[in-house]
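Please work out how this folds:
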Amino acid sequence: MTTEAGPVPAVELRASTNGRVSGKNWKPKKTATRRSHLPDGVKAKSWEDRMEKTKKEKAIKKLQLEMKEEKQAEITRRKEITAARKKAAQERQEFEEMRAKVRFLFFVI
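Residues are numbered from 1 along each chain as shown. From the prediction side, this is the model:
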């Protein structure tokens, strides 16, 4: 750019982000975004620590599953015992009814 007096000196920008200056001294300088939505385990711990924690959690879940299966097996066993007792009682009752019918037939004849 030139004028009648000569070339116009270029105005230098102060050093800042992209050459822009806010002019407000109270504004903090911009920094990289901190990802606060990440879990604490991912932000602070190493891969080995996380894998160790995962391994412990899997072991706990496996133990819980085994305990749950044992409890269910015990409940099933008790139900089977109860069903067998009811069946035996039903058979005894039917046998007694048949015996009573047979006695009655002997007395009638």
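
what about residue 29, is that helix, strand or coil?
coil (DSSP: H, G, I helix; E, B strand; the rest coil).

What count of nearby residues applies to it?
Close neighbours of residue 29, defined as other Cβ atoms under 10 Å, add up to 7. All C-beta atoms are positioned from the backbone trio N, CA, C, and that covers glycine.

gap between the top helix by length along the chain and the chain center?
In the chain, assigned by DSSP state H, the helix with the most residues is helix 47-108. Relative to its chain's centre, helix 47-108 lies at 30 Å (Cα atoms, centre = their mean, to the nearest Å).

other SSEs contacting that helix?
helix 40-44 (3 or more Cβ pairs under 8 Å, 6 or more residues apart in numbering; DSSP states H and E).

Shouldn't residue 36 be within a strand?
No: Residue 36 is assigned coil when assessed by three-state DSSP, not a strand.

mind checking pLDDT for it?
Note on residue 36: pLDDT of 70.

same thing with the one 4 residues further on?
The score at residue 40 is 70. That number is its pLDDT.

can you check residue 29 too?
In this model, residue 29 is scored at 72, pLDDT.

In this structure, where is pLDDT below threshold?
1-6, 9-23, 32, 34-35, 41-42, 108-109 (pLDDT under 70).

ok, 90 please
Scanning the chain for pLDDT under 90 picks out the ranges 1-50, 100-109.

what about dumping the CA coordinates of stretch 45-63 to CSV?
Output in CSV follows, covering the C-alpha atoms of stretch 45-63 (Å, rounded to 0.1, in the frame of the first residue of the first chain):
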residue,chain,number,x,y,z
LYS,A,45,-4.2,-45.2,36.2
SER,A,46,-2.0,-47.3,34.0
TRP,A,47,-3.2,-50.1,31.7
GLU,A,48,-1.8,-52.8,34.0
ASP,A,49,-3.7,-51.3,37.0
ARG,A,50,-6.9,-51.2,35.0
MET,A,51,-6.4,-54.8,33.8
GLU,A,52,-5.7,-56.0,37.4
LYS,A,53,-8.9,-54.3,38.6
THR,A,54,-10.9,-55.9,35.7
LYS,A,55,-9.4,-59.3,36.6
LYS,A,56,-10.5,-58.9,40.2
GLU,A,57,-14.0,-57.9,39.2
LYS,A,58,-14.3,-60.9,36.9
ALA,A,59,-13.1,-63.2,39.8
ILE,A,60,-15.7,-61.6,42.1
LYS,A,61,-18.5,-62.1,39.5
LYS,A,62,-17.4,-65.7,38.9
LEU,A,63,-17.6,-66.4,42.7
